[in-house]
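Asker: predicted model follows, preceded by the sequence.
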Amino acid sequence: MNLSEPQRDFLDAHRVAHLATADRQGTPHAVPLCYARRGDRIYFVCDDKAKRHGPARLKRLANIAENPRVALLIDDYSEDWTRLAFLLLHLDAAIVGDAAEYAAALACLRARYVPYGEMALRQATHPIVRLTPRRAHFWRASPGRL
């Protein structure tokens, strides 16, 4: 599926999303993450921020290996409920294996988040995940707001 221009704009205007994965038994797991959009695909990297077992052993990666169907939620909350908005994406997740795609996705992530420019991220040790949208639900309390 192709994202609409308002959906792309909403994604680009936000810095953090929440990724929901599930293992093969359906046990849910949700984490906040930094992401970058390239076309209609969304990417995130498993970096070296404080993690118990390192980036390659993350629960989100184990879940994606067992069940590649994931959800991503980006939202606006305000006490003024006329400003509420969210974009819920249902996506297929896959580890990026192609070196050129990895480099392009990493360049997008580094352009969006300064700390990534300071990290030594390599394909062999820091997987990047590609999220390809299957379905989108975009809602705003006030249709004219972004």
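Answerer: Received the coordinates, thanks. This one's a predicted model, so the numbers in the text were calculated from it and none came from an experiment. Numbering: from 1, shown residues only.
Asker: neighbours around the nearest residue to Pro6 once chain neighbours are set aside, how many?
Answerer: Leaving aside its sequence neighbours, Pro6 sits nearest to Phe138 (CB to CB, 6 or more residues apart in numbering; 6.7 Å). Any C-beta I mention is one placed from the backbone N, CA and C, and that applies to glycine too. Neighbour count for Phe138, taken as other CB atoms under 10 Å: 15.
Asker: same check, this time on Asp92
Answerer: Neighbour count for Asp92, taken as other CB under 10 Å: 13.
Asker: mean confidence score for the helix or strand hosting it?
Answerer: Using DSSP states H and E, Asp92 maps to strand 85-95. In this model, strand 85-95 has a mean pLDDT of 97.
Asker: measure Leu121 to Tyr102 for me?
Answerer: Distance, Leu121 to Tyr102, using CB to CB, to the nearest Å: 9 Å.
Asker: regarding this protein, what is its longest helix?
Answerer: The residue-count maximum for a helix in the chain (DSSP state H) belongs to helix 99-112.
Asker: list the buried ones in stretch 110-120?
Answerer: By 16 or more other CB atoms under 10 Å, the buried positions in stretch 110-120 come out as 110, 113, 116, 119.
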